[in-house]
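Novice: what shape does this take:
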Amino acid sequence: RSRRVLSMFGRLGIVVVGISLLWTAANVAAESALQVREGTPLVVWGTSKKDKLNLRSDASASAAVLAELPPDTAGLTATGRTRMNGPDQWIEIRHKKKIGWVHSRFVRPASKGADPVLKSPPKEVAQVEPSADPLADCNSDEDTRRLAGCSALIAQGDLPSVSLAMAYSRRSDAHLAAQDFDKAITDRSAASTHEPNDADLKKRLIHAYGLRAADRRAIGDLDGAIADYTEAVRLDPQHHEFLAARSVVNLQKADYEGAIADLETASRLDAANATYRSALARILEERGVAHLQAKDFDRAIADFTKAMELEPSRESLFLHRGAAREQNGQLALALSDYFQAKRINPENAATYVRLGALSSATGQHSSAIGYLAEAIKRDPSNVTAHLMRGLAFEEARQPEQAVAEYQAVLKIDRKHKLAKTSLARVSPHSPTSPEKQKSPVKQVSSSQYECCLRYKRRQGITSPQGACRNHVWMQRNNPAQAGVSDWCAL
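Specialist: So this is what the prediction gives:
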């Protein structure tokens, strides 16, 4: 009778397995999302000692940077607001007098002993009493009875292999209910060993590895999480969800190659998954930015180009590749990228500033004036746009318009030194500053200025003085918009 009932239990167990497998990797990721209450003290987490975490104006990697937070930053608190941007979770925080957004993978609660993921505490299974009816108890939905009954059946040791496998499998559910992932994996491994050809038991084992991986990631055990995801993928090489999950952990460890390789494989396995393509494009872009900051322009350009194949309408990719090409001396190609960024988003003032700077650098002052006017139209308080437009007007021999731009800068920032210097140069009797001022070229870097002149003359530009003055000032005062970082290297 016992064997007949366990055989029925075996068939019923398949249904239980099927229900359990509704928990996909997406559910695992959702469970591990960071949920912090308002006022929770936070610390920067997961960055290298030399890196800084960007506090941004919105929940996006392309939003404006409000502050840069080093790893030892103190005084961070959560506002209680979170937001999902695709698969990425962002958290709103307070830092001094600023409120902004950071990616959730780079912050953790600061209190000692606090669970970094504010989820329900693990359930405790009551003390297990000997089972009076092991078969009925093992089939029970009550965790304590199931644990006692299945343990008693396993201890008998004289059950058929299929029945023993199902007893281990049922007991593993009681361990999972108590969030004892180690014991759950041990039991599901035993079940799969007894019935190695049972695909459902194998799937349950893979699922348990995924749950433990998510738990390990949540507490900061990234190596342990990667080990569990790796074992899950070894058991099922077609499991693209866990490949994608492992890529996230690799990214937390700043292992771009591992993260990209996992997402590329996941994308091949599930070619219709737009989320994978978008995430892969973001990682390629992030690595490209790292190459750009390291002045490895060829590799940066390659990463941005590859990301464009996945997301051809992402504005930031063209802006980044344009900057890399500009710094690499590929000015015509950079201009083409900036034009494409403008077509994608014609309302971004920063794109027009870059177009204006590059046009001025190549001696196209009329074009520069037009682009910078478009930037000012969209962002009237953009000091860089006003100042660069003033310099372009100077080169175009339109001093009155240049004066108006410098005065506009001083209305925004009355202490702006270069605006005062430039105004005094164009309008010597201006009351805003002394008549005699140092040359703006000498104020920045004469060596960079001379290198810029030599480079542009090699390019066939006969009167590059104004453009070089503009570029070298930008190099010092607004390097993010300057484009070329070292004229002497070209």
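Novice: run through who's touching the longest strand seen in the chain.
Specialist: Across the chain, the longest stretch assigned as strand under DSSP state E is strand 76-85. When contacts are defined by Cβ atoms under 8 Å, 6 or more residues apart in numbering, strand 76-85 is touched by residues 33-44, 59-60, 69, 89-95, 99, 101, 104, 107, 110. Quick note: C-beta positions are derived from backbone N, CA and C, even for glycine.
Novice: buried ones among those?
Specialist: Among the contacts of strand 76-85, the ones that count as buried by 16 or more other Cβ atoms under 10 Å are 34, 36, 40, 42-44, 59-60, 69, 89-95, 101, 104, 107, 110.
Novice: helices - which of those land there?
Specialist: Assignment to helices by DSSP state H places none of the buried ones among the contacts of strand 76-85 there.
Novice: next step: those residues restricted to strands.
Specialist: 42-44, 69, 89-95, 101, 107.
Novice: and those, which is closest to Glu285?
Specialist: Trp90 (16.7 Å; Cβ to Cβ).
Novice: neighbours of Ala64, how many?
Specialist: Ala64: 12 surrounding residues under other Cβ atoms under 10 Å.
Novice: how about the one 3 residues further on?
Specialist: Here the number of neighbours of Ala67 (other Cβ under 10 Å) works out to 14.
Novice: need the contact partners of the helix or strand in which it is found.
Specialist: With elements taken from DSSP states H and E, the one containing Ala67 is strand 65-69. Residues from elsewhere that reach strand 65-69 (Cβ under 8 Å, 6+ apart): 44, 52-57, 76, 95-96, 98, 100, 102.
Novice: and that strand, how far out from the chain middle?
Specialist: Distance of strand 65-69 from its chain centroid, counting by Cα atoms, centre = their mean, to the nearest Å, is 15 Å.
Novice: name the strands paired with it and say parallel or antiparallel.
Specialist: With DSSP bridges as the test, strand 65-69 is paired with strand 53-56 (antiparallel).
Novice: keeping just the C-alphas, turn the strand it pairs with into PDB.
Specialist: As requested, the backbone C-alpha atoms of strand 53-56 are provided in PDB (Å, rounded to 0.1, in the frame of the first residue of the first chain):
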ATOM      1  CA  LEU A  53      29.400  57.200  -7.400                       C
ATOM      2  CA  ASN A  54      27.400  59.700  -9.400                       C
ATOM      3  CA  LEU A  55      24.400  61.300  -7.700                       C
ATOM      4  CA  ARG A  56      22.100  62.100 -10.700                       C
END
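Novice: let me know the average pLDDT across it.
Specialist: Taken as a whole, strand 53-56 carries a mean pLDDT of 88.
Novice: avg pLDDT for the strand holding Ala67?
Specialist: Rounded mean pLDDT across strand 65-69 is 88.
Novice: skipping adjacent residues, who's closest to Glu231 in space?
Specialist: Tyr209 (5.3 Å; Cβ to Cβ, 6 or more residues apart in numbering).
Novice: now whichever strand or helix holds that neighbour: how far from the chain's centre is it?
Specialist: Secondary structure assigned from DSSP H and E places Tyr209 in helix 199-218. Centroid displacement of helix 199-218 relative to its chain, using Cα atoms, centre = their mean, is 25 Å.
Novice: where's the residue nearest to Glu231 relative to Ile219, distance?
Specialist: In this view, Tyr209 and Ile219 are 16 Å apart by Cβ to Cβ, to the nearest Å.
Novice: the two: which has the busier surroundings?
Specialist: Legend: neighbour count by other Cβ under 10 Å for Tyr209 and Ile219, higher for Tyr209 (26 against 14).
Novice: for Ala385, grab phi and psi.
Specialist: phi -60, psi -50 (degrees, to the nearest 10).
Novice: pretty sure it sits against Ala375.
Specialist: Yes: Ala385 is within contact range of Ala375, at 4.0 Å (criterion: Cβ atoms under 8 Å).
Novice: who are the contact partners of the residue nearest to Glu231?
Specialist: Contacts of Tyr209 by Cβ under 8 Å, 6+ apart are 185, 228-229, 231-232, 235.
Novice: same question for Lys96.
Specialist: 67, 75.
Novice: can you read off the pLDDT for it?
Specialist: 86.
Novice: measure it to Leu69 for me?
Specialist: Applying Cβ to Cβ, the value for Lys96 to Leu69 is 10 Å.
Novice: hey, where'd the helices end up in the stretch 251-400 of the chain?
Specialist: Under the criterion DSSP state H, counting those that start in this stretch, the stretch 251-400 of the chain contains helices at 256-269, 274-293, 297-310, 315-327, 331-344, 349-361, 365-378, 383-395, 399-412.
Novice: and those as a markdown table, adding distance to Gln448?
Specialist: Formatted as a markdown table, these follow (distance: least, Cβ to Cβ, whole Å):
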| stretch | distance to Gln448 |
| --- | --- |
| helix 256-269 | 32 |
| helix 274-293 | 19 |
| helix 297-310 | 18 |
| helix 315-327 | 13 |
| helix 331-344 | 17 |
| helix 349-361 | 13 |
| helix 365-378 | 20 |
| helix 383-395 | 16 |
| helix 399-412 | 22 |
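Novice: returning to what we had before: most surrounded residue in the contacts of Tyr209?
Specialist: Most neighbours among the contacts of Tyr209, by other Cβ under 10 Å: Tyr229, with 30 neighbours.
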